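In: my questions concern the predicted model and sequence given below.
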Amino acid sequence: MRFTLPIIIVSQFLCTSLWFAGNSIISDLANDLHLEHHFLANLTSSIQLGFIIGTLVFAIFNISDRLSPSLVFFICSLLAGLFNLGMTLKSIQPIEILSFRLLTGFFLAGIYPVGMKIASDYFQVGLGKSLGFLVGALVFGTAFPHLLKIFTIGFPWRYVLYVTTTLSLCGGLSILFFVPDGPYRKFGQKLKFAAFTNAFRNKNFRAASFGYFGHMWELYALWTSIPMILISYNRNYPNLNLNVPLLSFLIIGSGAIACVFSGLFSTRFGARKIATISLFLSCLCCLTSPFFLSSESVVLLIIFLFFWGLVVIADSPMFSTLVAGNAPEDSRGSALTIVNCIGFSITIVSIQLISFFTEKINFQYLYLILAIGPIFGLFALLGRKKEGASL
């Protein structure tokens with residue numbers, strides 16, 4: 001049990017490296033297949049949609065309760081990796097790429113949420129801190145393909161997919177062999193859509209959910225946009241020649257540190273306070289982004305993007321903790337599933353909206369759109385002066 005949480009964390013990181021594997025090679029894909037500029041948005045939206053569908057299917061059929069969660073995690077790590085590998089097929093067409101991304105996302109639903117379930121089966125005390133580490137692993141895994149892109153320079157873009165598939169298999173095997181079902185494992189009920197409406201009558205649950213929705217509006221749209229922001233800056237200042245893959249990895253990956261510290265701070269200050277502060281700071285980043293994105297100082301830009309990368313994700317484990325803590329105990333699984341599905345559905349809308357306005361708005365003003373989510377979330381959180389659960 002001593003090494004259980006570290007193993008889960010590492011396995012989550014290895015498997016979630018699949019999430020943005022396609023994003024990290026988009027430039028090579030675009031060159032090889034002559035893709036249109038909006039294909040990146042469609043690529044990201046496909047894996048998000050797959051994750052949404054997968055989450056609902058896994059919940060409806062109660063898969064992680066009927067079967068061993070560790071076994072489910074392993075099987076999904078294998079299948080997600082195989083569909084990730086499908087993108088390496090010769091003469092692949094754009095529609096096939098999007099299909100493979102959707103299927104990869106579908107089986108990621110058996111990795112990220114199931115990994116959290118495995119952790120909750122072992123750790124009932126200090127769940128917020130544990131979730132901080134697990135979300136941190138997701139963030140680092142999401143950023144990792146950008147780092148792989150650097151190491152595979154000079155090699156075909158398919159090597160990024162070979163490596164991430166191998167990492168996913170290693171993560172699944174680690175859970176299968178070293179993390180058996182936890183001592184606090186409980187068999188949940190089948191998904192009940194009415195559970196969400198019942199839970200939503202609770203003002204604290206509603207505030208936490210709205211805060212989470214606002215957070216999700218901003219999060220994945222920003223992660224998708226980080227390389228595009230750096231590429232645009234390179235175009236405006238060609239003498240700089242910024243290392244886009246390295247900086248993308250560092251900016252997105254730095255959020256893992258924020259998740260860990262927000263989880264630790266939550267044990268002292270409470271999840272709601274940490275979530276509110278983080279959401280406020282990320283909202284401030286959205287609103288001030290035109291100033292920094294138009295700055296001639298590359299140092300100022302990089303510092304700003306690093307700060308934004310930290311605060312945009314620091315509230316994620318806090319919202320997971322708040323939503324879980326305020327959901328009805330007898331239908332918590334159903335309520336959490338539907339909240340997550342709505343949250344990831346929102347990411348598709350914001351990603352597509354950013355893509356739609358890319359050629360219609362100067363890029364320095366484009367990310368003001370992302371402020372809509374945090375402002376909405378802050379109104380929800382600040383409307384509740386008191387948390388509804390002891391966190």
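Out: Arrived safely. Nothing here was measured: the structure is a model prediction, and the numbers come from that model.
In: what about the closest residue to Ile111 other than its chain neighbours, how many neighbours?
Out: Using C-beta to C-beta, 6 or more residues apart in numbering and skipping the chain neighbours, the partner closest in space to Ile111 is Cys15 (4.6 Å). C-beta: built from backbone N, CA, C; applies to glycine. The local packing of Cys15 (other C-beta atoms under 10 Å) involves 34 other residues.
In: what do you get for the one 5 residues further on?
Out: Other residues within reach of Phe20 by the criterion other C-beta under 10 Å amount to 27.
In: hang on, the earlier thing: which ones are touching the residue nearest to Ile111?
Out: Applying C-beta atoms under 8 Å, 6 or more residues apart in numbering to Cys15 gives the contacts Phe73, Ser77, Ala80, Leu108, Ile111, Tyr112, Gly115, Gly141, Leu167, Ser168, Gly171, Gly172.
In: swap the cut-off to 6 Å and go again
Out: Taking C-beta atoms under 6 Å, 6 or more residues apart in numbering, we find Cys15 in contact with Ser77, Ile111, Ser168, Gly171.
In: same question for Leu56.
Out: Leu56 sits next to Cys341 when contact means C-beta under 6 Å, 6+ apart.
In: correct me, but Leu322 touches Ser209?
Out: No - the criterion here is C-beta atoms under 6 Å, and Leu322 misses it with Ser209 at 8.8 Å.
In: higher neighbour count, those two?
Out: Neighbours per residue (other C-beta under 10 Å) separate Leu322 from Ser209, with Leu322 holding more: 31 against 27.
In: burial of the closest residue to the more buried one other than its chain neighbours, as a residue count?
Out: Leaving aside its sequence neighbours, Leu322 sits nearest to Ala208 (C-beta to C-beta, 6+ apart; 3.8 Å). Ala208 has 32 neighbours, counted by other C-beta under 10 Å.
In: so where does Ala208 fall, helix or strand?
Out: Following DSSP states H and E, one finds Ala208 within helix 203-236.
In: which strands or helices does that helix pack on?
Out: helix 244-253, helix 316-326, helix 332-357, helix 372-382 (3 or more C-beta pairs under 6 Å, 6 or more residues apart in numbering; DSSP states H and E).
In: quick one: terminal-to-terminal distance for stretch 179-194?
Out: 34 Å (C-alpha to C-alpha, to the nearest Å).
In: could you do stretch 261-279 as well?
Out: For stretch 261-279, the first-to-last residue distance is 15 Å (C-alpha to C-alpha).
In: ok, residues contacting that stretch?
Out: Taking C-beta under 6 Å, 6+ apart as the rule, stretch 261-279 contacts 128-129, 132, 311, 314-315, 317-319, 321-322, 374, 377-378, 381, 387, 391.
In: if we go to 8 Å?
Out: For stretch 261-279, contacts defined as C-beta under 8 Å, 6+ apart pick out 126, 128-133, 135-136, 208, 211, 214-215, 258, 311, 314-315, 317-319, 321-322, 325, 374, 377-378, 381-382, 384, 387, 391.
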